[in-house]
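Q: got a predicted structure here, sequence first:
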Amino acid sequence: MDKKELLSKLISMDYSLGDATRELKDLLSWFRSLPNELTLSRLIKANSFGDIKMDKPGSHYAMDKEELMKSHSFADGVGDKTFLITVRTTKDQIDKEETLSNRILYPHENEITLKKKGKNVTLLSIKKLK
């Protein structure tokens, strides 16, 4: 997805051309400002630790673990237990187009989308939540 497609997405959401251009400029500036190394978190549902794919822990992450815990009642996956996964990754593992698109469509989620379901991340921790 290129800049033109992202701009069209904003316009389709009733942004004026000027507002859409400013919003896209802000999103691109935000992306450029990200550090090369990031610590990210996500919530998932599973029945046990063994059900979690350690080599591909998922695509959708948040930068702010505390905000994630406060604002997200939704977790990906299938199971009756909720787990918090924390990973370390590099900026080049971010799917830039998907991240920008999701931030346009779901601005309140502040999500970062990783390539290849997080295949190349360093898994820092998995904690079962109560």
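A: Great, that's in hand.
Q: can you pull out the helices in this structure?
A: 3-12, 17-33, 65-71, 96-105 (DSSP state H).
Q: can you give me the angle the second one makes with helix 3-12?
A: When axes from the mean of the first three to the mean of the last three Cα atoms, to 10 degrees is applied, the directions of helix 17-33 and helix 3-12 differ by 130 degrees.
Q: does anything pack onto helix 17-33? Which helices or strands?
A: Applying 3 or more Cβ pairs under 8 Å, 6 or more residues apart in numbering; DSSP states H and E, one finds that helix 17-33 makes contact with helix 3-12, helix 96-105. C-beta coordinates here come from the backbone N, C-alpha and C atoms, glycine included.
Q: now the ones you listed in CSV, with distance to residue 27 and mean pLDDT?
A: Shown next, in CSV, are the helices and strands packed on helix 17-33 (distance: least, Cβ to Cβ, whole Å; pLDDT from 0 to 100):
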stretch, distance to residue 27, mean pLDDT
helix 3-12, 8, 86
helix 96-105, 5, 90
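Q: most packed of those helices?
A: helix 96-105 (a mean of 18; mean count of other Cβ atoms under 10 Å).
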